[in-house]
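1. Fold the following.
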Amino acid sequence: MIHSSNSNAAESHIVVDHATGYILETKGAETPRQVASLTKIAAVLVILEWLDETGSDPASLVSVPAEALRGGANPLGLRVNDELSIETGLFAAMMASDNTSTYAVADAIGKRIDPASDKGGVAVFVARMNQRARDLGMAQTRFVNPHGLDEGGEPGVSTASDLARLAIKAHDHPAFARYCGGKERTVEFGRDGTRVPVKLINTNELVGSRGIDGTKTGTTRLAGPCLVVTATHDLALGERVENRRLVVVLLNAEDRFREAVLLLDRAWPSATEWLLSGGQSDPKQRLRKGED
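-> Numbers count the residues shown, from 1 in each chain. Just a heads-up that it's a prediction; the model follows:
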């Protein structure tokens, strides 16, 4: 495992092997920081698991409440009482970092999780996000909203290592990669009985190159530029070739896309060497701790 100390790079980063959780490189990965829209990875995972748990249809519609329009990105141009499918919300959250869609879906699902709660749908949903984080061993993570926007008050925090745990679990879900792996996609929402098409462009400019198929960008004033990148690559291991996936997390990285590429370029040879040596490691060097 490499410990990096490049002072011009991200304040925190980590590179891990998805299949095992083995840590290939790390720097400041246990330091709590604001993580901006990387928060949406947790929101989307909770939504996908709720859909599985309840057998609900991702095409089912939710209505946009006034509270969803209080701030942050609204790339669909949504207005109060517009309707969008949960699936459209998932694409908008992951590809376009859409705060309004994320809030609307979180509010609707929270109300379905606990219809009797007087805390409101979003509060119920965020509580489930935090419970899921605890389940995954994300001990230094606290979510305060479903989208990661700086809203005043006590901010949400996480760490590079906690977010790597989250990304590993998210990419274990068979549907997750579909919502973050495309460069662009046209979705629709409803307004006054009319279907309104919108073209989403992925905010992760690396998607589609170098085997990169995700995952999420994030930027706020408190967090700085953040990024989670996932990539797959065929590694030559003696007489066999094995396809592996790596997860890279960067927090407060001024040149996040370039740095992610440099970390991957360094990590693939390290992963190959590690696997050729037998792929063994101290359990403390692995983020996977069995089934979650």
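
2. Who are the contact partners of residue 95?
-> 179, 180, 182, 184, 185, 200, 201, 202, 203 (CB atoms under 8 Å, 6 or more residues apart in numbering). Bear in mind the C-beta positions are built from the backbone N, C-alpha and C, glycine included.

3. swap the cut-off to 10 Å and go again
-> For residue 95, the contacting residues are 75, 179-185, 187, 200-204, 207, 216-217, by CB atoms under 10 Å, 6 or more residues apart in numbering.

4. That one: which element?
-> helix 86-96 (DSSP states H and E).

5. if you average pLDDT over the helix or strand just after that helix, what comes out?
-> Downstream of helix 86-96, the first helix or strand assigned by DSSP H and E is helix 99-113. The pLDDT scores in helix 99-113 average 98.

6. Just want the angle from helix 99-113 to helix 86-96.
-> In terms of direction (axes from the mean of the first three to the mean of the last three CA atoms, to 10 degrees), helix 99-113 departs from helix 86-96 by 140 degrees.

7. Output the contacting helices and strands for helix 99-113.
-> Counting contacts by 3 or more CB pairs under 10 Å, 6 or more residues apart in numbering; DSSP states H and E, helix 99-113 packs against helix 39-54, strand 61-63, strand 83-85, helix 86-96, helix 121-135, strand 184-191.

8. Quick one: closest of the ones you listed to residue 173.
-> helix 39-54 (5.3 Å; CB to CB).

9. which residue is nearest the centroid of the chain?
-> Among the residues of the chain, the one closest to the centroid is residue 41, at 2.7 Å (CA atoms, centre = their mean).

10. got any ranges where the chain has weak pLDDT?
-> Where the chain drops to pLDDT under 70, the residues are 1-8, 289-292.

11. For it, identify the residue most remote from the centre.
-> Most peripheral residue of the chain (CA atoms, centre = their mean): residue 239, 35.2 Å.

12. Now do the buried residues in the strand or helix carrying residue 200.
-> Using DSSP H and E, residue 200 maps to strand 194-201. Buried residues in strand 194-201, counted by 16 or more other CB atoms under 10 Å: 198, 200.

13. after it comes which helix or strand?
-> From strand 194-201, the next helix or strand downstream (DSSP H and E) is strand 212-220.

14. If you count contacts, what does that next one end up packed against?
-> Short answer (3+ CB pairs under 10 Å, 6+ apart): strand 212-220 packs on helix 39-54, helix 86-96, helix 160-172, helix 176-180, strand 224-237, strand 240-251, helix 256-276.

15. go again using 7 Å as the cut-off
-> helix 39-54, helix 176-180, strand 224-237 (3 or more CB pairs under 7 Å, 6 or more residues apart in numbering; DSSP states H and E).

16. Next, format those as TSV and append distance to residue 128.
-> Formatted as TSV, the helices and strands packed on strand 212-220 follow (distance: least, CB to CB, whole Å):
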stretch	distance to residue 128
helix 39-54	5
helix 176-180	17
strand 224-237	21
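
17. count of neighbours near the nearest residue to residue 217 once chain neighbours are set aside?
-> Excluding the flanking residues, the one nearest residue 217 by CB to CB, 6 or more residues apart in numbering is residue 203, at 4.4 Å. Using other CB atoms under 10 Å, residue 203 is surrounded by 19 other residues.

18. Wait, residue 203 touches residue 218, no?
-> No. Contact criterion CB atoms under 7 Å: residue 203 and residue 218 do not qualify, at 8.9 Å.

19. which stretch among the helices and strands packed on strand 212-220 comes nearest residue 136?
-> helix 39-54 (9.2 Å).

20. which residues are in contact with the closest one?
-> The contact list for helix 39-54, computed with CB atoms under 7 Å, 6 or more residues apart in numbering, reads 58, 86, 90, 93-94, 97, 102, 105-106, 109, 125, 128-129, 132-133, 143, 146-148, 156, 166-167, 169-170, 173, 175-176, 179, 215-216, 228.

21. What are the buried residues along that helix?
-> Under 16+ other CB under 10 Å, the buried positions of helix 39-54 are 39, 40, 41, 42, 43, 44, 45, 46, 47, 48, 50, 51.

22. ditto for stretch 141-157
-> 141, 143, 144, 145, 146, 147, 148, 149, 150, 155, 156, 157.

23. isn't the fourth one right next to residue 151, touching?
-> Yes. Distance between residue 145 and residue 151: 6.3 Å, which falls inside the contact criterion (CB under 7 Å).
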